[in-house]
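Undergrad: Using only what follows, build the 3D model:
(one chain, ligands or ions: 3)
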Amino acid sequence: MAGSGTAHLRDERCGPVLRAEHLMVEFPTRRGRVHAVSDVSIDLVDGETLGIVGESGCGKSTIAKAIMRVPPPDSGRVLLGDTDLAATGAVGMRDVRSRLQMVFQDPVASLNPRHRIGEIVTEPLTVRWLESFRRSPVIRLWERYVPAMLRWWRHPLVRRLATVALVAFLAGLMIWVVATAAGPERAGGTRDGGIAGTAGNAVMLGSLAAVAPIAAMFAATTVAWLGLVALIPLSAVPRWVRIRRGRRRFREEAGEKVRRVLEDVGIDPGTALDRRPHEFSGGQAQRISLARALITEPEVIICDEPVSALDVSVQAQVLNLLKDLKDKYGISLIFIAHDLAVVKNISDRVVVMYLGKICEVASPDDLFARPHHPYTRVLVNAIPVPDPAIDPRAAPTTNGEIPSPLDPPSGCRFRTRCPQARPRCAREEPEIQRTAPGRYVACHYPATDPDPAGAPRPEARGVT
Ligand SMILES: Nc1ncnc2c1ncn2[C@@H]1O[C@H](COP(=O)(O)OP(=O)(O)OP(=O)(O)O)[C@@H](O)[C@H]1O
Ligand code: SF4
Ligand SMILES: [Mg+2]
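TA: Ligands and ions are numbered 1, 2, ... in the order given. Prediction:
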């Protein structure tokens, strides 16, 4: 697999609630750049659950984080409804975050251990409530000015000019010191540096002149910064008074809502509100994480392996709960997992990924019954079959280890492990193409026959 393209994305007119296009995330490391996500596009319509599946390290969590902009992708865009997240400033992102929530893999680690459950679940509401009070112009200026100032100071040209000027100044100083020390003594005890001393002086003066604009800018920004710091406490007073006045009412309303949401996720608020996360089991903690995500009534929740850390019976409970909550709250879900059976259970559509690229997009039934992509076939066949008549060795498998994301293979990224790889696969990267209604595959030679050999029916694999 290892395909690019957007053939699987729906028309803009369908109005997807979330759309991510051409996402690219690379991590610079000492050994090179990790190609974590390379040109991946996904969309999600209202009320849909999109499953993302793939083996460990294929970039599932990186996609989720790129959508949430923690950190932002290196390139590509994310649209939440009509809002382009890249064009949304820090203040706008606070509003976006209440519309777009995330649930993490490790439920206990994702909850602040020092806070009580009541505080944890109320926090997103508190942030949103505080945001509803308009900040003073001084604070708004501060919020714009400080990042702009930091960007200016970190600009490569400024840093380069400052470094060159510093080196030149030190060199000029050294020349002047050496020339003066070695020069003839004048009357009065001073020494004459001659031409070299004058040249050293000139270099020092030149370097100071070169950094003069930077120094002036630094002085101006520092003065502006100090001025804003002095004004902020005064300008914040009216907002603070309004917050104090509305606090009691907010607490009552938020408390009621927190209790209701905790009940919806199956946690008794009477006993839970004053306890801390470590006092709960993994399943209970994941329910609390869900409550925290639901409290702002988001449009989309991204669940990054929300059941991987739970035992099988608790997994089933949490999955059923997610389905119920999705209907009740009218949310759309991105559900990330490495377990195909779990993804099949909950998803309306499944995206299969390998080494930072999409390989197949299909409905879960189609995907299990007739995997078109060689990698999907391998994944489906890796699910243990509770039937002694089926020989696991007859199923297609991959060759070798997963390649390094530091240096992914040319052409199709799956080619080094693909049982069907041919010379073209090394030369050309496959584009995502439509192979059947609602089915998209990134492979030059997709297995579009109705019943691929060695792929037992999903029911035979205990997947229903
Ligand atoms: N901060 C980082 N710095 C360098 N490399 C990173 C960083 N975060 C992730 N990676 C690399 O990016 C690739 C994708 O990681 P990611 O966490 O998205 O995988 P995943 O599909 O979520 O895996 P898992 O199923 O194990 O959670 C991996 O090769 C990982 O090592
Ligand atoms: S057949 Fe070629 S293009 Fe298709 S998955 Fe295998 S290596 Fe990739
Ligand atoms: Mg992950």
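
Undergrad: Could I get the pLDDT score of the nearest residue to Glu429 once chain neighbours are set aside?
TA: Using Cβ to Cβ, 6 or more residues apart in numbering and skipping the chain neighbours, the partner closest in space to Glu429 is Gly411 (5.5 Å). Backbone N, C-alpha and C define where each C-beta goes, glycine included. For Gly411, the pLDDT comes out at 93.

Undergrad: What about Gly411, how many residues nearby?
TA: 18 (other Cβ atoms under 10 Å).

Undergrad: how close does it sit to ligand 2?
TA: Shown here: Gly411 relative to ligand 2, a distance of 7 Å by Cβ to the nearest ligand atom, to the nearest Å.

Undergrad: Work out for me the element whichever residue of the stretch 151-300 of the chain sits closest to ligand 1 sits within.
TA: Proximity to ligand 1, evaluated over the stretch 151-300 of the chain using Cβ to the nearest ligand atom, is greatest for Gln286 at 16.1 Å. Assessed by DSSP states H and E, Gln286 sits inside helix 282-294.

Undergrad: so does the very next helix or strand once past that helix get close to ligand 1?
TA: Downstream of helix 282-294, the next assigned helix or strand under DSSP H and E is strand 300-304. No: applying Cβ under 6 Å from any ligand atom, one finds strand 300-304 separated from ligand 1 by no less than 7.2 Å.

Undergrad: before we move on, back to that, how would you label the residue nearest to the residue of the stretch 151-300 of the chain closest to ligand 1 when sequence neighbours are not counted: helix, strand or coil?
TA: Once flanking residues are discounted, Gln286 sits nearest to Pro107: 3.9 Å by Cβ to Cβ, 6+ apart. With DSSP: H, G, I helix; E, B strand; the rest coil as the basis, Pro107 sits in coil.

Undergrad: how close does Pro107 get to Asn320?
TA: As for Pro107, its distance to Asn320 is 17 Å (criterion: Cβ to Cβ, to the nearest Å).

Undergrad: Which one's more surrounded, those two?
TA: Remark: of Pro107 and Asn320, Pro107 carries more neighbours, 25 against 12, as counted by other Cβ under 10 Å.

Undergrad: Tell me how far that one lies from His338.
TA: As judged by Cβ to Cβ, Pro107 and His338 stand 17 Å apart.

Undergrad: Please apply the same query to Val158.
TA: For Val158 relative to His338 (Cβ to Cβ), the value is 45 Å.

Undergrad: With Pro72 instead?
TA: For Pro72, the distance to His338 (Cβ to Cβ) stands at 25 Å.

Undergrad: what's the answer for Val146, then?
TA: 41 Å.

Undergrad: for the residue of the stretch 151-300 of the chain closest to ligand 1, what are its contacts?
TA: Val103, Pro107, Pro306, Val307, Ala309, Leu310, Val318 (Cβ atoms under 8 Å, 6 or more residues apart in numbering).

Undergrad: Any idea how many residues pack against the spatially closest residue to the fourth one that is not a sequence neighbour?
TA: Okay, so that is Val307. In space, and not counting its chain neighbours, Val307 is closest to Gln315: 4.2 Å by Cβ to Cβ, 6+ apart. Using other Cβ under 10 Å, Gln315 has 21 neighbouring residues.

Undergrad: for the record, mean pLDDT for the helix or strand hosting Arg259?
TA: Using DSSP H and E, Arg259 sits in helix 237-264. The pLDDT scores in helix 237-264 average 94.

Undergrad: Stretch 148-167 too?
TA: Computed over stretch 148-167, the average pLDDT equals 85.

Undergrad: end to end, how far does that stretch reach?
TA: Counting by Cα to Cα, to the nearest Å, you get 27 Å between the two ends of stretch 148-167.

Undergrad: Could you list the residues of the stretch 51-200 of the chain in contact with ligand 1?
TA: Counting by Cβ under 6 Å from any ligand atom, the residues of the stretch 51-200 of the chain that sit close to ligand 1 are Gly54, Ser56, Gly57, Cys58, Gly59, Lys60, Ser61, Thr62.

Undergrad: just the buried members of these?
TA: Gly54, Gly57, Cys58, Gly59, Lys60, Ser61, Thr62 (16 or more other Cβ atoms under 10 Å).

Undergrad: May I see the buried residues of the helix holding Arg259?
TA: Phe250, Ala254, Lys257, Val258, Arg259, Val261, Leu262, Asp264.

Undergrad: How far off centre is that helix?
TA: Centroid displacement of helix 237-264 relative to its chain, using Cα atoms, centre = their mean, to the nearest Å, is 30 Å.

Undergrad: Among the residues of the stretch 51-200 of the chain next to ligand 1, which one sits closest to Asp39?
TA: Asp39 lies nearest to Gly59 out of those, by Cβ to Cβ, at 11.1 Å.

Undergrad: returning to that earlier point: farthest-apart pair in the buried residues of helix 237-264, please.
TA: Phe250 and Asp264 (20.7 Å).

Undergrad: Where do the domain boundaries of the protein fall?
TA: Domain ranges of the chain: 12-81+299-323+330-461, 137-235, per automatic domain parsing.

Undergrad: can you tell me how far Leu231 sits from Leu18?
TA: The value you get for Leu231 to Leu18, if Cβ to Cβ is used, is 40 Å.

Undergrad: residue contacts, the residue nearest in space to the middle of the chain?
TA: In the chain, the centroid-proximal residue (Cα atoms, centre = their mean) is Lys65; its distance is 1.2 Å. Listed by Cβ under 8 Å, 6+ apart, the contact set of Lys65 reads Val25, Pro71.

Undergrad: Val78 versus that one, what's the distance?
TA: 11 Å.

Undergrad: Could you do Ala421 as well?
TA: According to Cβ to Cβ, Ala421 and Val78 sit 33 Å apart.

Undergrad: Looking at those two, which has the bigger crowd around it?
TA: Val78 (23 against 19).

Undergrad: which residue sits closest to whichever residue of the stretch 101-250 of the chain sits closest to ligand 1, ignoring its sequence neighbours?
TA: Per Cβ to the nearest ligand atom, Gln105 is where the stretch 101-250 of the chain lies closest to ligand 1, at 6.9 Å. Closest residue to Gln105 apart from its sequence neighbours, by Cβ to Cβ, 6+ apart: Glu305 at 4.0 Å.

Undergrad: Report pLDDT for whichever residue of the stretch 101-250 of the chain sits closest to ligand 2.
TA: Per Cβ to the nearest ligand atom, Gln105 is where the stretch 101-250 of the chain lies closest to ligand 2, at 28.3 Å. With respect to pLDDT, Gln105 has a value of 85.
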